[in-house]
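1. Below are the sequence and a predicted model for it; my questions follow.
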Amino acid sequence: MEDDREEFKDSDLFIQSLEIEWSKINKHSYLHGIKSVRRLTELEFTTPITIFTGENGSGKSTLLEAIAIKAGFNAEGGTFNYSFSTFDSHSDLNEAIHLIRGYRRPDIGYFLRAESFYNVATMDEYYGSMNHGVPHDYHYMSHGQSFLKTMEVNFKENGLFILDEPEAALSLQNQMALLVRLIDIAAHRSQIIMATHSPILLAVPDARILLFDDDSVHDCAYAETPSYQITKRFVNDTERTLGRLLEK
């Protein structure tokens, strides 16, 4: 990319904020049992990169998925043009979400879900053949290589990118490659919303980190995230940490 970086303004974001109307969710829905999310009625986006983090089951991927669907993406992932369903597993939270959008519209977008990327890769081959294009042959690559190819093809300037645990298929070195890529496209008028456990991806400079815990969704400094704290403890004192884990 050419170095045409511009000073960031809040109004440049494609998604400015969201509101959740809980009255639209069935009172028996499991969504009411997700402690961090059930109290959330609104959320403002203030930086080009927003990161959701927290324990498994804390609701971060559920909210991310709902945002992606509401933004116009297929529930299983892909570009704005993908429309398919192999297994209808998404929640109905998207029906209760209202997105407040900015004045700009993205030139490109991608919803990357680690758990359903195989299905997206299959549909890429189908769409490529239907449109007389050239598929990217993701199935002939390793999982990590296919993720990197997806980034190369789709992660560009002036785009909206929603990523759900992209570290799942990436080595530590390639997580750093993704980190650099996200910083670059964010500096070129793209917006990224990402859920991750990776202490590498959480280190994006100037990103807003939102921690999903038992009580709420709230801002959290990088060094205070559980992923950073646990990784630091394990690396700096591996023997003692293992000893505690293996105590009977």
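-> Arrived safely, thanks for sending.

2. Between the two ends of stretch 151-162, what distance do you get?
-> Chord length of stretch 151-162, first to last residue, is 12 Å (Cα to Cα, to the nearest Å).

3. lowest-confidence helix or strand of this structure?
-> helix 117-130 (a mean of 53; mean pLDDT, DSSP states H and E).

4. Need the residues that contact stretch 149-165.
-> 1, 14-15, 61, 64-65, 67-68, 71, 73, 79, 104, 106-115, 117, 136, 138, 141, 178, 181-182, 185, 188-197 (Cβ atoms under 8 Å, 6 or more residues apart in numbering). From N, CA and C alone the C-beta is placed, and that goes for glycine too.

5. Would you write a ChimeraX line that selects the buried entries of the residues you listed?
-> Of these, the buried ones go into a single ChimeraX selection, burial set by 16 or more other Cβ atoms under 10 Å:
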select :14,15,61,64,65,67,68,71,73,79,106,108,109,110,111,112,113,114,117,136,138,178,181,182,185,188,189,190,191,192,193,194,195,196,197
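
6. Which of the contacts of stretch 149-165 fall within helices?
-> S61, L64, E65, I67, A68, A71, F117, L178, R181, L182, I185 (DSSP state H).

7. remind me which residues of this structure are low pLDDT?
-> Scanning the chain with the threshold set as pLDDT under 70 gives 1-10, 81-91, 114-144, 248.

8. Looking at the ones in helices among the contacts of stretch 149-165, which one is closest to E42?
-> Nearest to E42 among the ones in helices among the contacts of stretch 149-165: I67, at 12.9 Å, using Cβ to Cβ.

9. from what I can see that closest one touches E19, true?
-> No. Counting by Cβ atoms under 8 Å, I67 sits too far from E19 to count as a contact (11.8 Å).

10. and for these two, which residues touch both?
-> Contacts common to I67 and E19, judged by Cβ under 8 Å, 6+ apart, are I97.

11. Remind me which helix or strand S58 belongs to.
-> Using DSSP states H and E, S58 sits in no helix or strand.

12. give me the number of residues near it?
-> Neighbour count of S58, defined by other Cβ atoms under 10 Å: 21.

13. Am I right that it is in contact with G33?
-> No. The criterion here is Cβ under 8 Å, and S58 misses it with G33 at 11.8 Å.

14. thinking again about what came up before, make TSV out of the ones in helices among the contacts of stretch 149-165 and add distance to D237.
-> Supplementary listing: the ones in helices among the contacts of stretch 149-165 in TSV, determined by distance: Cβ to Cβ, whole Å:
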residue	distance to D237
S61	31
L64	33
E65	37
I67	38
A68	39
A71	42
F117	35
L178	28
R181	33
L182	31
I185	37
